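Give me a 3D structure for the following:
(chains A and B, ligands or ions: 2)
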Amino acid sequence: MKALLICEYREGKLLDASYELAAFADKLGAEKAMVLIGSEAEVPKVNGTVYLADAGKYGEYNPDVHKKIVLAAVERENPDYIVFVHSSYGWDLAPRVAATLKAAQISEIVNIVDGKFEVGICNSKLRRNVTPTTGKAVLTIQAGAFSVTDASQGVPQLERIDLADGASSLEFVGYEPAEKKDVDLTRAEVIVSAGRGVGKKENVPVIASLAKALGGELGASRPVVDAGWVEHSHQVGTTGQTVSPKLYVACGISGAIQHLAGMKKSDFIVAINKDKDAPIGEVADVLVVADVLQFVPALTGMLQK
Amino acid sequence: MKVLVCIKQVPDMESRFKANSSGNWYDEADLAFRMNEYDEYAVEQAVQLREQLGDAADVTVISIGPDRVQEALKKALAMGCDRGVHVQDPVSSLKDPWQIASIIATFAKDKGFDLIFAGMQSQDRGSAQVGVTVAEQLGYSCATTLVGFACSDGVITAKRELEGGLKGVVKLKTPALVTCQLGLNVPRYPTLPNIMKAKKKEILSIPVADILKEEALATTTSVHPPARKGGGIVLEGDLNDMAAQLIGILKEKTAVLR
Ligand SMILES: Cc1cc2nc3c(=O)[nH]c(=O)nc-3n(C[C@H](O)[C@H](O)[C@H](O)COP(=O)(O)OP(=O)(O)OC[C@H]3O[C@@H](n4cnc5c(N)ncnc54)[C@H](O)[C@@H]3O)c2cc1C
Ligand SMILES: Nc1ncnc2c1ncn2[C@@H]1O[C@H](COP(=O)(O)O)[C@@H](O)[C@H]1O
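Ligands and ions are numbered 1, 2, ... in the order given. Sure, this is the predicted structure:
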């Protein structure tokens, strides 16, 4: 069994997530080859073939061209699986490769169980095992689900890929940096976050008061930020900040993977949710089953005494 | 400019879910259904484009599923889409993303849509495949995960959301398909007059068998609850008791309360 792993490269750097692909292939028991559209200086340190195409020439983000590069590697390597990280790069490129090959795609794999691929459905409230029925399959893996145990120290064998036709229907204009932060959550020892379960903007101060009573900062889940209740600099998660405070309190937050990715390394996690089955329960050290708007003021009151 | 919006109807994610008796999807009994959150942003963006271009734009909204999806279509019409298309399929949830994409692409082929909007992912299945696959099948240019959108003279400027707050700006020419991310805009609530007006708008029904020619490429072998890692303490009951208990636990287990 062979897996072709598609690395990620951004702003001149190989992204660490690329090594998670190798961890996944190891768990699957597959022979590995990798593709990097990047630079020679950033080639991943793994044993085996690495197909290298020059990002200087083909662009860091250009899915039309990257698809052709991946397909050229598929042609040479003839893998059973073509594997991406389920990220803004991976979920964008994977279906293009899959459609061209007419290969099954299985998205956001969280586990391999008896050789079957397990994915989440309904906000991870259920799991589903999926099997491809095509000879080749395209897979994307959940970021963080396959952890890298030791720093890779292999010696890759480089194979260059050059395209005759680098035409693209899309033009990459540039990056736009993250908004400037007015709070640095990464340094906070205590974070109390508001989720959609707080109901409306007017209720956010209830959560902020608890944060204050605990000597911490206010965090938020994404919908709360998207709705304009709280500034983006307070957002925790894959598209916000990654935090690991001594105490994280999630108030009315369901526990979607993109939120968990930003806070699950916290030392101690308390979740307050009216739904006992909310996925946040999986990472919480304490789950308080209650209405946040009733429980949080009671807790804050007691702390202030 | 001819515009198509793809919407899916999904259950409210706060529901309690369990596997169906065949073990290949969740049990739909007792669930309340609504428009996929990501698709609301897609509808809103299409309607804003329609407002920008006036009668030079025409917006069709399509949904594949059982009869209940007409509710989602009606909401999209009340938000301002011009007409609906219901591809009738009582078992659409068992189709794989390749098949769903093929249905949409078969419908859209030869109709000359300049721009197609889809959600970045569906909240229940979350494959994040259908939109991009439709684009591939139609040979359209495609950008995903949009948090910014502008269109003038057939050129789309799209702001894609990357990780950690970083964004990437791309330009693409029509015909194109874009997938919408949370926060792209502020989806409107349909007003009562617009709900009334929407009742007069046409919803075309097409039996799925008429336009689906593709086999599934993947099969579901089981649906099951996640293995509970457990270990966590669950507090239930009286508010003050729970608050006191929690403070006790925090004092014992963390260094933040003294
Ligand atoms: C590419 C991508 C990136 C993303 N990035 C992020 C990110 O960085 N950060 C992030 O947070 N999300 C992110 N998301 C969104 C994520 O998938 C979820 O949609 C989001 O985290 C849900 O936020 P929530 O838990 O506040 O809301 P919901 O999922 O709506 O959950 C609300 C919760 O509150 C509970 N509740 C409701 N009322 C009450 C009450 N009165 N008392 C107690 N509990 C109550 C409910 O039981 C429910 O569990 C991203 C999504 C995508 C696709
Ligand atoms: N049954 C459906 N009918 C119409 N559009 C759909 C359907 N399923 C998925 N889509 C579209 O494809 C997007 C991605 O879905 P998915 O690939 O399932 O995550 C959704 O946000 C919708 O825009």
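
what sits against residue 161?
This is for chain A. Residues in contact with A:Ile161 (CB atoms under 8 Å, 6 or more residues apart in numbering or on different chains) are A:35, A:51-53, A:69, A:72-73. All C-beta atoms are positioned from the backbone trio N, CA, C, and that covers glycine.

Wait, chain B was what I had in mind.
Contacts of B:Glu161 were listed using CB under 8 Å, 6+ apart, and they are A:88, A:239, B:145-147, B:167, B:181.

partner residues bridging the closest residue to A:Ile121 other than its chain neighbours?
Nearest in space to A:Ile121, with sequence neighbours left out and distances taken as CB to CB, 6 or more residues apart in numbering or on different chains, is A:Arg128 at 5.1 Å. In this structure, A:Arg128 bridges to A:Val119, B:Val223 when assessed by DSSP bridges.

residues contacting A:Arg128?
Taking CB under 8 Å, 6+ apart, we find A:Arg128 in contact with A:118-121, B:220, B:222-224.

can you check B:Gln48 too?
By CB under 8 Å, 6+ apart, the residues touching B:Gln48 are B:Asn185.

what's the pLDDT at it?
B:Gln48 is assigned 98 on the pLDDT scale.

Just say helix, strand or coil for it.
Using DSSP: H, G, I helix; E, B strand; the rest coil, the structure places B:Gln48 in helix.

distance of it from A:Asp92?
23 Å (CB to CB, to the nearest Å).

what does A:Met302 give?
48 Å.

ditto for B:Pro175
Separation of B:Pro175 from A:Asp92 (CB to CB) stands at 18 Å.

Show me which of the two is the more surrounded one.
Using other CB atoms under 10 Å in any protein chain shown as the criterion, B:Pro175 and A:Asp92 rank with A:Asp92 on top: 23 against 20.

Pull the number of nearby residues for the closest residue to that one other than its chain neighbours.
Leaving aside its sequence neighbours, A:Asp92 sits nearest to B:Thr144 (CB to CB, 6+ apart; 4.5 Å). By other CB under 10 Å, 27 other residues sit near B:Thr144.

just B:Ile62 next, same as before
Number of residues near B:Ile62 (other CB under 10 Å) recorded here: 25.

you'd agree it is up against B:Gln88?
No: applying CB atoms under 8 Å, one finds B:Ile62 not in contact with B:Gln88, separated by 11.9 Å.

For ligand 1, what's its nearest residue on chain B.
B:Glu14 (4.9 Å; CB to the nearest ligand atom).

Give me the secondary structure label for that residue.
Per three-state DSSP, B:Glu14 ends up coil.

Distance of it relative to ligand 2?
Using CB to the nearest ligand atom, to the nearest Å, one gets 19 Å for the distance from B:Glu14 to ligand 2.

Same question for B:Glu236.
35 Å.

One more: B:Leu77?
In this view, B:Leu77 and ligand 2 are 15 Å apart by CB to the nearest ligand atom.

Contacts for the host helix or strand of that residue, please.
For B:Leu77, the element it lies in under DSSP states H and E is helix B:69-79. Defining contact as CB under 8 Å, 6+ apart, one finds that helix B:69-79 is touched by B:5, B:7-9, B:33-35, B:39, B:43-44, B:47, B:61, B:63, B:83-86, B:187-188, B:190-191, B:194-195, B:197-199, B:201, B:203.
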